[in-house]
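Enquirer: have a look; sequence and predicted model below, questions after that.
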Amino acid sequence: MFKPVIAVFDIGKTNKKLLLLDESYTVIFEKTERLPETTDEEGFPCEDIKALTRFMHEAMEEVMRYKYYKIVAVNFTAYGASLVYIDEVGKVLCPLYNYLKPFPEELQKKFYDTYNGELIFSARTASPVLGSLNAGMQLYRLKHQKRAIFEKIAKALHLPQFLNFVFTNQAVSEITSIGCHTNLWDFGKNEYHEWVTKED
């Protein structure tokens, strides 16, 4: 007799977990791993996206071999303020840049000077000025400092949605990622902020 379970990937900056929950949401299995960081092109520490996806596939393959569990749903939770950039065929284009990486002051000034200043912009997007912690700023930085990568981007996925993409090959997003201090969403208009279109 199979036991129906929900598989949940809980991906933190330190611990990577696969949890199985039963119908009463009790954790009945847990696999935890710490993965070493890598560095980006400038030597700043960042998540090793290849090691992370390998962990996810191996962990899922392990639990699928257990004959007494039947996975009826899969969900993903991950730390925020991180974007994964993929090309037309779903290939990851660059490192998973660390949201703790300092943002260039001149580029930040250029952005806010162009888009109505820090106060007005922050109020419209519900996004305090946080540099790389504003995920949209990471995309803006790529456009202005790493144009060759930027021009290959087909989709920019928040990390939880990328984890879903790893298993489904479907690129999706949702408002809790888009609207969480990303500088991307205009809450007054209930749509992406105009800069997203203007900057292509």
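Expert: Received the coordinates, thanks. As the structure is a computational prediction, the values presented were derived from the model and not from experiment.

Enquirer: next one: the helix or strand bottoming out on mean pLDDT in the chain to chain centre, how far?
Expert: In the chain, no helix or strand scores lower on mean pLDDT, DSSP states H and E than helix 175-178, which sits at a mean of 89. Between the centre of helix 175-178 and the centre of its host chain there is 11 Å, according to Cα atoms, centre = their mean, to the nearest Å.

Enquirer: what sits up against it?
Expert: Contacting residues not belonging to helix 175-178 are listed as 80, 158, 160-161, 184-185, 192 [Cβ atoms under 8 Å, 6 or more residues apart in numbering]. Using the backbone N, CA and C atoms, a C-beta is placed for each residue, glycine as well.

Enquirer: contact partners for the spatially most central residue of the chain?
Expert: In the chain, the residue lying closest to the centroid (Cα atoms, centre = their mean) is residue 159, at 1.8 Å. The neighbours of residue 159, taking Cβ under 8 Å, 6+ apart as the test, are 11, 78-80, 82-84, 96.

Enquirer: report the buried residues of the least confident helix or strand of the chain.
Expert: Neighbour-count burial for helix 175-178, counted by 16 or more other Cβ atoms under 10 Å, picks out residue 177.

Enquirer: any idea which helix or strand comes after the longest helix seen in the chain?
Expert: In the chain, with assignment by DSSP state H, the single longest helix is helix 49-64. Next helix or strand after helix 49-64 toward the C-terminus (DSSP states H and E): strand 69-78.

Enquirer: which of the contacts of residue 159 sit farthest apart?
Expert: The distance between the two most remote of the contacts of residue 159 (Cβ to Cβ) is 14.4 Å, for 11 and 83.

Enquirer: show me where this structure has its strands.
Expert: Here the chain has its strands, by DSSP state E, at 3-11, 15-21, 27-34, 38-39, 45-46, 69-78, 83-86, 155-158, 185-186, 191-192.
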